[in-house]
Every structure is written in structure tokens, then in C-alpha cells.
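Chemist: Got a predicted model here, sequence first, then my questions.
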Amino acid sequence: MSALSRRDFLALSTSAAAVGLAAPARAAMGPNDKYDLVIRGGEVVDPSQSLRAERDIGIRWGVIEAVQETIPAERALKSIDASGKLVMPGLIDLHCHVYPYGSAIGIPADELVQFQGTTTVVSAGDAGVNNLAALRRFIVAQTRARMYAFVHIANNGLSAFPVAELYNIDSAQTEACAMALAENSDFLLGVKVRMSENVIFKHGLEPLKRGIQACEMCGWPAKMMVHIGGVESKELMSQILDLLRPGDVLTHAYSGAPNMSNVFTNIVQEGKLLPAALAAKQRGVMFDVGHGGGSFDFTVAEVAIPGGCAPDTISSDIHVFSGNSPGIPFLPNVMSKFMTLGFTLEQVVAMATTAPAKIISRAPKIGTLQVGAPGDVAIMELVEGPVSFVDTRNNKRDGKAQLKPIQTVINGVPFGRPYQAPFAVR
């Protein structure tokens with residue numbers, strides 16, 4: 001046998017590792033084998049399988065092994081009684097800020113789990129080139145929730161408060177950003193840029209152009225996540241939309257925040273949807289909610305959605321400040337607001353599971369309860385009855401139901417305390 005070169009050996013090793021990640025080996029269960037955990041009696045809502053029915057879910061070795069009408073009690077080492085509750089895939093938050101200690105607004109992802117039902121989170125530009133390695137090594141490595149990130153086009157990420165990170169355009173170094181993308185393609189999704197006037201000052205399209213250039217230089221199809229809300233001018237808003245490529249993410253899509261002159265310059269202007277917004281949606285730009293503490297306006301959504309710009313993904317933009325804001329942007333609450341806007345339960349669950357999973361496209365079978373998927377499950381209660389919701393501009397809307405998290409399971413293990421006692425693992 002001829003000796004392998006070092007390059008050949010590394011290529012083979014990498015291929016083998018990729019196969020292992022894509023299709024984890026599972027031994028067939030024998031008649032006497034037991035599931036590590038069975039979630040029984042709940043109403044399963046899994047848009048990836050067009051499934052809404054009462055089912056038991058059996059998890060073994062951290063992987064979903066069975067979704068059946070009934071799993072005998074004796075087959076479970078532990079069980080959760082989810083009777084009267086909704087059982088859905090672990091939620092995926094495409095836009096949150098989960099870089100504590102490295103960002104001025106970061107919150108630990110694992111502290112959010114019991115309040116959000118999130119098993120996968122995306123750091124939306126918390127880190128730039130200068131502090132990305134610390135995010136990966138010291139935060140991601142010790143976080144039980146699965147974590148990905150958009151790297152900020154500004155070298156120092158979102159750490160530059162109170163002076164925004166792109167007042168000095170020299171902080172946006174295209175080549176350095178492209179290199180970070182190339183070196184972290186398993187973890188990064190693309191580049192984040194905030195295009196509000198109070199962030200980029202008078203730099204116009206330049207920050208976005210540099211972000212796109214970094215994506216196109218890195219060697220893989222990296223995406224942009226573009227933050228809007230209070231851009232400098234009405235014309236600039238349309239120009240931003242025109243630059244976005246299919247697959248790029250427009251976050252804070254329904255922001256009503258004004259610019260520094262108190263002028264409304266977002267996708268709805270003078271009560272009408274911008275033609276550039278509809279054109280962007282039609283060519284495949286992804287519209288993300290990114291509620292946060294100042295970035296969701298019912299009156300914008302109520303024009304944009306019937307105009308053809310419905311959200312593709314629902315995200316929280318949760319961080320240390322927004323979590324204490326009147327809009328309460330925890331992910332299940334934001335999902336509930338969109339049910340109030342006329343979306344079905346299945347639709348809002350899809351927007352927080354299967355849709356962001358496609359954008360992430362890194363781990364097989366996240367955002368689903370299919371057999372072979374990671375054992376990530378969110379158990380929720382749909383509380384029916386009058387409820388009032390408020391957006392980030394103090395507009396109120398009355399709803400008829402609200403999602404409340406009860407218990408989250410990550411890789412087959414119940415995570416954190418149940419949100420409402422006496423619900424417990426037995």
C-alpha cells in the first residue's frame with residue numbers, strides 16, 4: 001500500500017468526520033432496550049413533518065429514536081408527562097445577543113433556555129474579527145445550547161458602546177473579515193452590519209458593501225444579516241434593499257424607529273410598502289423579525305405583511321437591555337404577537353424552527369422532531385384567553401392566546417428548572 005501524503009490523510013480524516021456529523025450512528029433498539037427519556041401525552045406540533053397530533057417521543061443517546069402514538073411506560077428510564085401541553089422542536093433564535101463579558105449587551109444563552117425554549121441560538125454580530133476567537137473558545141465551548149454567529153463587519157463587534165462601532169469606517173476591514181469567515185465556516189453564517197444612521201453616521205452604503213465583499217471573498221456562500229431601523233434617508237433604505245442578495249437576511253424588518261432627524265425611513269413609508277422591499281422579498285431576501293427593545297412596530301407589520309412581505313423567521317433580538325423592555329421580546333412572546341397578526345400556530349412554530357434551520361444549514365436535522373434528529377424539544381403551554389401585546393413604539397394589540405414555555409430538553413436532557421412548578425421529570 002502506498003503511503004498517504006499528509007494532505008491526503010487530512011482530507012480523508014475531514015471527510016470521515018463530516019460523515020459522522022451528518023449521520024450519527026444509532027444501534028437498533030432491541031425489545032428490552034429502554035429510552036433514556038420519553039415525553040408522553042403531548043400534542044406534537046412539528047411543521048417539518050406537517051404533524052400536529054398527540055404523540056409520545058422517545059429519546060435515546062441524545063437522539064430522537066421514536067415518534068409514536070404510544071410508547072409503553074416500561075420502556076422509559078425517565079419520562080415527562082406533557083399532557084395538555086404542546087411539544088415542538090427546540091426553538092431556534094436567529095437573532096440574539098449571547099456574548100456575555102465580550103459585548104456590552106450580551107446575555108448567557110443558557111440563562112435564556114427556560115424562558116425561551118431555545119436549543120439553538122445565533123449571536124447576531126456580537127463579535128468582530130478582534131474578539132471572535134474568544135466568543136468561540138470561551139462562550140460557545142461551554143454553552144449547552146447550540147450556538148452559531150454572524151461576525152460583525154466592524155473589527156470590535158458590538159462592544160463599542162456608547163460610541164457606535166461604525167462611526168469610524170476604518171473599523172470595517174474587509175480582508176480581515178473575509179479571513180475570519182474562511183477560518184470559521186463551520187460556526188459562522190456570514191456577516192452582520194447595522195445600517196442605522198446612529199451607527200454608521202454618514203457612511204451610506206459603504207459598510208454594507210464591505211460586508212458583501214467579505215462574504216464573496218471568503219470561499220463559501222456566506223450570508224449578510226443587515227440591521228435596519230432609522231437609516232439616514234428614505235433613498236438609502238431602498239438602496240440597501242437593492243443591494244441585498246438572495247439568502248441574505250433583513251433583520252428588524254418591521255422596525256418603526258426613526259432616524260436622527262426623527263424621520264421614518266424604513267420599509268413602510270407614508271403608509272406604503274417600498275417597492276424595493278417587495279422586490280427584495282421576491283428575489284429571495286429573508287425577512288427576519290428581530291423584535292428587540294426598539295425594532296418592532298405593529299403598524300409597519302400590518303402594512304408590509306399583506307403587501308407581500310411576511311416574515312420568514314421570527315427572532316427575539318434578546319439582550320440585557322431589551323429583555324427588560326415593555327415589549328417583552330422573549331421568543332415565545334414574539335411568536336404569540338404574530339398569531340395575533342393572523343398567523344397560525346403551525347406557521348409561527350415553523351418561523352422559529354424549520355425556517356431558521358435552513359438559513360443556518362450547519363447541523364443536520366435541527367428544528368425538527370424527525371427520528372434521527374438531536375433530542376431538542378420545547379414543551380409549551382398555549383394559554384387561551386384575552387391578552388394584550390405591546391410593540392416597541394407603545395402600540396397595543398389584543399390577542400386571544402399566548403405561548404408560554406414549560407420545559408426544554410437539549411440533546412435528550414431536560415435543561416434547567418421547569419418554568420412552572422409542579423411540572424417535573426419523573
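Modeler: Sure thing, it's come through. Since this is a predicted model, take the numbers as computed values, not measurements.
Chemist: what's the distance between the closest residue to residue 241 other than its chain neighbours and residue 250?
Modeler: Leaving out its chain neighbours, the residue that sits closest to residue 241 by C-beta to C-beta, 6 or more residues apart in numbering is residue 276, at 3.9 Å. For every residue, glycine as well, the C-beta is placed using N, CA and C. For residue 276, the distance to residue 250 equals 11 Å [C-beta to C-beta, to the nearest Å].
Chemist: low pLDDT regions in this structure?
Modeler: Scanning the chain for pLDDT under 70 picks out 1-27, 417-426.
Chemist: what residues are up against the residue most central in space within it?
Modeler: In the chain, the residue lying closest to the centroid (C-alpha atoms, centre = their mean) is residue 94, at 1.6 Å. Going by C-beta atoms under 8 Å, 6 or more residues apart in numbering, residue 94 touches 122, 124, 249, 251, 288, 313, 315, 356, 359, 360.
Chemist: List phi and psi for residue 331.
Modeler: Note on residue 331: backbone dihedrals following degrees, to the nearest 10 are phi -50, psi -50.
Chemist: ditto for residue 276
Modeler: Taking degrees, to the nearest 10, you get phi -70, psi -30 for the backbone angles of residue 276.
Chemist: can you count the residues close to it?
Modeler: If you count neighbours by other C-beta atoms under 10 Å, residue 276 ends up with 17.
Chemist: distance of it from residue 334?
Modeler: Applying C-beta to C-beta to residue 276 and residue 334 gives a distance of 25 Å.
Chemist: Could I get the full set of helices for the stretch 301-426 of the chain?
Modeler: Residue ranges of the helices in the stretch 301-426 of the chain, as given by DSSP state H, counting those that start in this stretch, are 331-340, 345-351, 354-360.
Chemist: can you tell me the helix or strand for residue 209?
Modeler: Remark: residue 209 resides in helix 206-217, with elements defined by DSSP states H and E.
Chemist: how about that helix: buried residues?
Modeler: Across helix 206-217, burial judged by 16 or more other C-beta atoms under 10 Å covers 207, 208, 209, 210, 211, 212, 213, 214, 215.
Chemist: who does it touch, helix- and strand-wise?
Modeler: helix 174-183, strand 188-194, strand 223-227, helix 234-243 (3 or more C-beta pairs under 8 Å, 6 or more residues apart in numbering; DSSP states H and E).
Chemist: Now do the SS call for the residue nearest to the centre of the chain.
Modeler: The three-state assignment at residue 94 reads strand, by DSSP: H, G, I helix; E, B strand; the rest coil.
Chemist: Name the residues that touch stretch 51-68?
Modeler: By C-beta under 8 Å, 6+ apart, the surrounding residues in contact with stretch 51-68 are 24, 26, 29, 33-46, 69-71, 75-76, 87, 346, 369-375, 377, 409, 411-413.
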